[in-house]
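In: I'll drop the sequence and a predicted model, then ask my questions.
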Amino acid sequence: MRPASSTRPVVPIMLVCQCNMITSKEIENIVLDLLKADPWQLVVPAKVYSELNRRAKCGGCVPNVVDIIVRVTENYHSQQALETGDVVSLPSGLEKLKKQQSGVRRERRSASHRAA
Ligand code: FES
């Protein structure tokens, strides 16, 4: 039974690749392992099959594998952001950058010699 505090939908385990008998859980675990090794790497279906020592045969499962990769990657990064508190709103981040950059000459131009 799902805990009451969990907001994530429960995704049932299903057979994704009939040619290689790969389940959604196996793919999720591989994607998580890859993300733990390098959180910013691009995980593609070929890398998942390679980690499982298998190859896509008919390719009919590839769209579903892509969906699983996207879902697991989004969940992983949102979870990481919540744990580390690294979520920064874009306007405040830009304002901080502007303050850091103020007074610094950019492209060898100063504000007093504007052409327009
Ligand atoms: S269903 Fe996955 S390769 Fe055919």
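Out: Received, thanks.
In: in this structure, which spans are helices?
Out: Assigned by DSSP state H, the chain shows helices spanning 24-37, 45-51, 62-84, 90-101.
In: how about the ones you listed, which one is nearest the ligand?
Out: helix 62-84 (7.1 Å; Cβ to the nearest ligand atom). Where you see a C-beta, it was placed from the backbone N, CA and C, and this is true even at glycine.
In: List the buried residues in the closest one.
Out: By neighbour count with 16 or more other Cβ atoms under 10 Å, helix 62-84 contains the buried residues 62, 65, 68-69, 72-73, 76.
In: what helices or strands is it leaning on?
Out: In this structure, helix 62-84 packs against strand 15-17, helix 24-37, helix 45-51, with contacts taken as 3 or more Cβ pairs under 8 Å, 6 or more residues apart in numbering; DSSP states H and E.
In: What pLDDT does the model give Glu51?
Out: Per-residue pLDDT puts Glu51 at 95.
In: which residues touch the most centrally placed residue in the chain?
Out: Against the mean C-alpha coordinate of the chain, by Cα atoms, centre = their mean, the closest residue is Thr73 at 3.7 Å. If a contact means Cβ atoms under 8 Å, 6 or more residues apart in numbering, then Thr73 has 31, 35, 43 as its contacts.
In: Least confident of the helices of the chain, on average?
Out: helix 90-101 (a mean of 70).
In: Tell me how many other residues surround Thr23.
Out: Neighbours of Thr23 under the rule other Cβ atoms under 10 Å: 13.
In: Residue numbers of the protein in contact with the ligand?
Out: 17-20, 56-61 (Cβ under 6 Å from any ligand atom).
In: List the ones among the residues you listed that fall in strands.
Out: Applying DSSP state E to those, the entries found in strands are Cys17.
In: Can you report how many residues lie near Leu52?
Out: With other Cβ under 10 Å as criterion, Leu52 counts 15.
In: ignore the last one, Leu97
Out: With other Cβ under 10 Å as criterion, Leu97 counts 10.
In: What residues does it make contact with?
Out: Leu97 neighbours (Cβ under 8 Å, 6+ apart): none.
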